[in-house]
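Asker: sequence and predicted structure, then a few things I'm wondering about:
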Amino acid sequence: MTGDEQFGAARRRRVLMIVVFLIFGILMLRLYELQLLYHGEMNKKSEENSVRAIVQDPIRGYMFDRNGQLIVDVGPSYAITLVPIDFDMKNLDLLSSLLQIDPAALRDRIARARAYSPFLPSRIKRDVDIRTLGAIEEHLTSLRGISYQIESKRVYRTKAHASHLLGYRREISDAQLAQAGEDYRQGDLVGVAGLEARYEPMLRGEKGYKFVSVNAKGQIIGSFEDGKKNLSAREGYDLFLSVDFGLQAYAESLMTEHSGAIVALDPSDGGILALVSKPDYDPSIMSGVTPLDLWSQLQTDSTKPLFNRATLTRYPPGSAFKMVLAAAALQEGIVDENYRIRCTGGFRFGNRVFKDLHVHGSVNIVEAIQRSCNVFFYQLMLKVGFDKWTEYGRRFGFGQLTGTDTGDETWGLLPSGAYYDSRYGKGKWTQGFLISLAIGQGEIGVSPLQMARYAAALANGGIVYQPHAVEFIHNKSTNKMERVRYDSSLVGLSPRVLGLLREGMRRVVQEPGGTGGLARIPGIVSAGKTGTAENPHGEAHAWYVGFAPFDNPKIAVAIMLENSGFGGAKAAPLARLLMERYLFGGLPRIHPKAAPAQTAPVRTISQAVH
Amino acid sequence: MIEYLKEYFDFKGFLICLALVGIGLLSVYSATYDVGAAASFEKQVIWTGVGFLALLAAAYFPIRALQRIAIPLYVVTIAILVVVLVIGKTISGSKSWFGLAGLGGQPSEFAKVATALALAAFLARTTTSLSNGKHLLTAIGIVLAPMILVIAEPDLGTAVVFFAMMLPVLYWAGASNFVLAAILAPIIAATGALLGTLTFLFTLLIGGALLYFTRENRFAAAVVFALTLAMGLTVQSAYERLQPYQQKRISTFLNPDLDPKGAGYNVLQSKVAIGSGGFFGKGYLQGTQTQLNFIPEQWTDFIFCVPGEEFGFLGASVIVVLFTALLLHGIRIARLSSNKFGSVAAIGIVGIFAVHVLVNIGMSMGLTPVIGIPLPFLSYGGSALAANMASVGLLMNFYANRKEH
């Protein structure tokens, strides 16, 4: 029965025809099933398709400052919308001149709106100013299909910028949108920096949905089932910050002429009182939809205003780091307060001479901190050794993330023997590297935030807190204030050691011969340490860390001024003004120049108040 | 005069084609007129013109010459498929599009017809005998070569078409039942293997039974059964290495409700569109599913829901009837043709149309997997339309030359 004699056999033709009839039968049966048997069910599904959910954006959470002042508010912003099917393209030029959008760009936007839906309104320009809105209103009758909707944008009720702290929002990217799922849709703003980014899930709230029926053309014909299924939007949670915006604004004003950063912490819990990075920008320019040209201008500006110098710079701390080495030496019992060396203004190690600024003569550890004697610390480093130094640096929180909630931060760089081994190879680096590290120079990097935390730990008896800006979150679902929990760790210093370090720092400010005399606050005893970070690319960076009042510290600060020279000369005076402003609550103080504070205390308003 | 025309002009084939092309244009217009972005109705109209030229050229090409150039044409087509694979620009994830004068063409559309013609030319040779193993393998090889190339693109849908076209052609040309069973059994088992071990065992049983009942000698049957088993096992392990989108298509075919927003979405919306059409349909340009763009890129593979929704059961059955008539007409031409080349080629064309119709309409009603092959004459796409109209032209040619020997 094999072979080609079967070609075109009648039986085979019948088999093929049966196959064709089978195909016909299967398809017809299914058509009958879907279109006649299940028609009702399918039609219901199709009608449900013509119920549209109109999204209602929630009100974003507010931010309040330490004193309960409303700082970050929400205000209206107007978006111009267009229904493609209703819009007459003859009016394109008129619309383009009213909205000040290039006609080609506008045409493109309308095409995209049409692709989304010809029948539903799409936003074609957001955050228009009130004059544009007025002009549109005037022409509303001739511009069919054009309308506007109210959206919300950020309103800042403070003189401070706090741009790096508060952060900003941008339109959600396609990649984020793909990940985010139901919570976002195209065109939504999402926090991408600072607190706006970190607390985005709390701040954004939950979208509401209003269900409406649309006809076959997609036009709204009424609410669906009398709105019984509508979901109302839930407001975003409010943030209560530790930041004092009066202080923040003042700190910013101190930095007007500078590039650098100020971080002020509450030493009792690590709450951020102020966090300044300069240059900055006015956050209200990014309160709604940021125009592209402005955005690229901010990004390409050579002074890098978007860069958060308070948390992202890693400069050497200079002498401000000396308490780390002193802490290691004292706590490990390598030296005590009676250990003295003679400073001759220089230190020879191998064939290199490491210099000091002055000839300090015989100094002990407290005096060495007070007068910032380099020679003392060069020799101390060789006694303490690399490992102990690194360990105490780590205990003070260097070389690691602080865990702050204010946005991106640097780990900084706290070198160790292992680090140098991997970088230069085992045995390829010498003890000479250590000499620079002894005075906080060379291959070491710290952020102003890390330095402020270090100052706070010295102020509060050795507790390293997770620095943070948010203290409480007002949960709108439960209507409860929830305290945010943060970590802390102990440096592990005995009261005696701590006392010596603090005494050194007090003398820096309060005693003649201290390097931080310019930080002295009339009527208040404060403590601190200056630093000057050598910068191979130009003028040194000035550092100051300190706290006040000495006996019951209320504020700890770190100030870093890029390319400004000596810390004692440049950064210390700013620290004084800042701490004074905070401790005296902004009340005016008179300092007659004639009378130096330490010899004849001036009666000040604060003393009058106390 | 009319008698003369009837003798040499295939009115029936031509009119069926005309009707389907007309319904196709109406459907594409309805699906695209308010979108205007990726698909353009004007382009489709231009391609319809090109299609008529292709139809006329195919209908009046001298049949002897056609038979002579069939194999060279096939070789050129294979070469083009190779070129496409190497340099073709990628559209929607597969490399089959060839930039052609700005319109874009898909060479695999023409490759299907060219392969059917080459296979027919080979089988029509007086020296060819399907009982000769070497000749049989050559015939299978003619189909396998382009099939492997389109799988590599990767365009699984078109590969299925090549395979499904081969079966009726070999059958019509006289291949024994055992040969067909031997081709079919591994494929059934392989398909079963995709759906899990239990279905694999079941399909293995069917394959075994097929081979058993058609066996000519036990040894050959046993070898083929071993091959079937090996094929199934290979496929099962190959499934793990499939593109995730292909795996997803297989799994959502089994249960579209699993993924109502993703791959199963099209099928669900398409079923809703067709089902909600009811008996009379919602009226032209009045289909809410169609007009509100519930089915993405509806104008390509899911075009059937447009007439399904807007013209209802009435319109949809007209389309199914027209296709059925075209297929039966093709078989009739194959029978009438005393010319073996024309006869076998006609069955090849019928086979191509049959798979497209069954799989495409089936998938828009949730019966068959979503393997992405267009509905002839209706789906948006120029090269497919031109190739399909040329195929009808060929049927008309075989009809006109049916008495040539």
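Answerer: Structure's in. What do you need?

Asker: C-alpha from now on. contacts and neighbour counts both.
Answerer: Fine.

Asker: tell me, how many neighbours does B:Leu227 end up with?
Answerer: Around B:Leu227 sit 15 other residues, with neighbours defined as other Cα atoms under 10 Å in any protein chain shown.

Asker: please list all residues in contact with it.
Answerer: B:Pro186 (Cα atoms under 8 Å, 6 or more residues apart in numbering or on different chains).

Asker: just the buried positions in whichever strand or helix holds it, please.
Answerer: B:Leu227 is part of helix B:218-239, with elements assigned from DSSP states H and E. Neighbour counts over helix B:218-239 (16 or more other Cα atoms under 10 Å in any protein chain shown) mark B:221, B:224-225, B:228-229, B:231-233, B:235-236 as buried.

Asker: export it as PDB, just CAs?
Answerer: Presented in PDB, the C-alpha positions along helix B:218-239 are these (Å, rounded to 0.1, in the frame of the first residue of the first chain):
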ATOM      1  CA  ARG B 218       8.300  -3.800  13.300                       C
ATOM      2  CA  PHE B 219      11.900  -2.700  13.200                       C
ATOM      3  CA  ALA B 220      11.100   0.700  11.600                       C
ATOM      4  CA  ALA B 221       8.200   1.200  14.000                       C
ATOM      5  CA  ALA B 222      10.500   0.500  17.000                       C
ATOM      6  CA  VAL B 223      13.200   2.800  15.800                       C
ATOM      7  CA  VAL B 224      10.700   5.600  15.300                       C
ATOM      8  CA  PHE B 225       9.200   5.000  18.700                       C
ATOM      9  CA  ALA B 226      12.600   5.300  20.300                       C
ATOM     10  CA  LEU B 227      13.100   8.500  18.400                       C
ATOM     11  CA  THR B 228       9.800   9.800  19.700                       C
ATOM     12  CA  LEU B 229      10.800   9.000  23.200                       C
ATOM     13  CA  ALA B 230      14.200  10.800  22.800                       C
ATOM     14  CA  MET B 231      12.500  13.800  21.200                       C
ATOM     15  CA  GLY B 232      10.100  14.200  24.100                       C
ATOM     16  CA  LEU B 233      12.900  14.000  26.700                       C
ATOM     17  CA  THR B 234      15.000  16.500  24.700                       C
ATOM     18  CA  VAL B 235      12.200  19.000  24.500                       C
ATOM     19  CA  GLN B 236      11.500  18.700  28.200                       C
ATOM     20  CA  SER B 237      15.000  19.700  29.000                       C
ATOM     21  CA  ALA B 238      15.100  22.300  26.200                       C
ATOM     22  CA  TYR B 239      11.900  24.000  27.600                       C
END
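
Asker: I'd like the mean pLDDT over it, please.
Answerer: Across helix B:218-239, pLDDT averages out at 87.

Asker: re the thing from before, which one of the buried residues of helix B:218-239 is nearest to chain A?
Answerer: Taking Cα to the nearest Cα as the measure, chain A lies nearest B:Ala221 of these, at 15.2 Å.

Asker: what's the burial count for residue 332?
Answerer: Here I'm looking at chain A. By other Cα under 10 Å, the residues close to A:Glu332 number 14.

Asker: actually, chain B is the one I wanted.
Answerer: 17.

Asker: the one 5 residues further on now?
Answerer: Other residues near B:Ser337 number 23, with proximity taken as other Cα under 10 Å.

Asker: let me see the contact set for the closest residue to it other than its chain neighbours.
Answerer: Closest residue in space to B:Ser337, ignoring its immediate chain neighbours: B:Arg402 at 4.1 Å, by Cα to Cα, 6 or more residues apart in numbering or on different chains. Contacts here follow Cα under 8 Å, 6+ apart; on that basis B:Arg402 touches B:333, B:336-339, B:342.

Asker: next, format these as TSV and append secondary structure.
Answerer: Formatted as TSV, the contacts of B:Arg402 follow (DSSP: H, G, I helix; E, B strand; the rest coil):
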residue	secondary structure
B:Ile333	helix
B:Leu336	helix
B:Ser337	coil
B:Ser338	coil
B:Asn339	coil
B:Gly342	helix
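
Asker: hmm, back to that, the helix holding B:Leu227: how far from the chain's middle?
Answerer: Offset of helix B:218-239 from its chain centre (Cα atoms, centre = their mean, to the nearest Å): 26 Å.

Asker: also stretch B:187-194?
Answerer: So, by Cα atoms, centre = their mean, the centroid of stretch B:187-194 is 20 Å from its chain's centroid.

Asker: would you put the C-alpha positions of that stretch in CSV?
Answerer: The C-alpha atoms that make up stretch B:187-194 are tabulated as CSV, following Å, rounded to 0.1, in the frame of the first residue of the first chain:
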residue,chain,number,x,y,z
ILE,B,187,6.0,16.1,17.3
ILE,B,188,2.9,15.1,19.4
ALA,B,189,5.2,13.7,22.1
ALA,B,190,7.4,16.8,22.0
THR,B,191,4.3,19.0,22.4
GLY,B,192,3.1,16.8,25.2
ALA,B,193,6.4,17.1,26.9
LEU,B,194,6.0,20.8,27.1
